[in-house]
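In: Model the following, please.
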Amino acid sequence: MPRKDSQDGKKLIARVQLDCKLRLGSLFSGGKDSTFATYKAKSTGHDISCLITVFPRSEESHLLHHPNIELTKLQAHLMKIPQITVRADSDATSIEIGELKKALETAKKQFGIEGVVHGGIRSMFQKNHFETVCRGLDLDVVSPLWNIDEKNYLHELIRSGFEFLVTSVGAQGLDDSWLGKEITKQDVEKLIAVSTKFGFNASFEGGEAETFVTGCPLFSGRIKITKSSKTWDGYRGRFEITEAVLEELC
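Out: Coordinates of the predicted model:
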């Protein structure tokens, strides 16, 4: 039978690990998931030292968020967090992972990060790739949204003061009326109903849609979109932000 002091020691180690606060880099795409994961990690006491953004070559990337990725610089400015960016010259996952590794090495050297924030919810494809590259660099992975209930999550986003709009759609049940739509509480209920009817993930974890955050508690202001364009082929569509300005809080 295990000694009591041995059991107490294990409990103490587990508690220390649970309470450990880390210096983190956030894998940041500008969408609701990466932004909310950053918010959750910071809210629990972690230090978000930098944002890490890999610009994919095109929307054909299976690993990375593509729509309006250039505008993450505006979000970084409003969060007052330094941003490290790299560009992948191919949609091949191996190339994208190679660029991510370079960015993480830079973040570790410049900011002394001990881990990264990952905004994934259920994608094992993405999670496994990120964890593999982080393991090789001796970095922890913090995933605040992993296995979160998608319906409760959408409501929590709105309650927490997140303002975000849909920038791409690619699933049956999501037509061009969603493109550029800023999601409200009422839209969440409609989205949940549509996702139930057509069988897609309401949080868009499977790539059914992409989002862009224009305002949240991490921001010192909000982003106002002044020019945009839409493309729609009858099934897939994109909302391209062509001009935006910062509205700083006084």
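
In: in this protein, which ranges drop under the pLDDT threshold?
Out: 1-19, 57-67, 90-91, 250 (pLDDT under 70).

In: just the helices in it please.
Out: For the chain, the helices defined by DSSP state H occupy 4-19, 32-43, 72-79, 93-111, 124-136, 150-159, 185-198.

In: how many degrees apart are the third one and helix 32-43 in direction?
Out: To tie it back to what came earlier, the one meant is helix 72-79. Here helix 72-79 runs at an angle of 30 degrees relative to helix 32-43 (axes from the mean of the first three to the mean of the last three C-alpha atoms, to 10 degrees).

In: tell me which residues in helix 72-79 are buried?
Out: 72, 74, 75, 76, 77, 78, 79 (16 or more other C-beta atoms under 10 Å). Yep, even glycine has a C-beta here, placed from its N, CA and C like the rest.

In: In the protein, which residue is most central in space?
Out: Nearest residue to the geometric centre of the chain (C-alpha atoms, centre = their mean): residue 34, 1.5 Å.

In: ok, the residue nearest to that one when sequence neighbours are not counted - contacts?
Out: Once flanking residues are discounted, residue 34 sits nearest to residue 119: 3.9 Å by C-beta to C-beta, 6 or more residues apart in numbering. Contacts for residue 119 were tallied using C-beta atoms under 8 Å, 6 or more residues apart in numbering; they are 27, 29, 31, 33, 34, 35, 36, 37, 38, 143, 144, 145.

In: re earlier: closest one to residue 213 among the helices of the chain?
Out: Closest approach to residue 213 among those is made by helix 32-43 (4.5 Å; C-beta to C-beta).

In: which secondary structure elements does that closest one contact?
Out: Counting contacts by 3 or more C-beta pairs under 8 Å, 6 or more residues apart in numbering; DSSP states H and E, helix 32-43 is packed against strand 23-27, strand 47-55, strand 115-117, strand 209-215.
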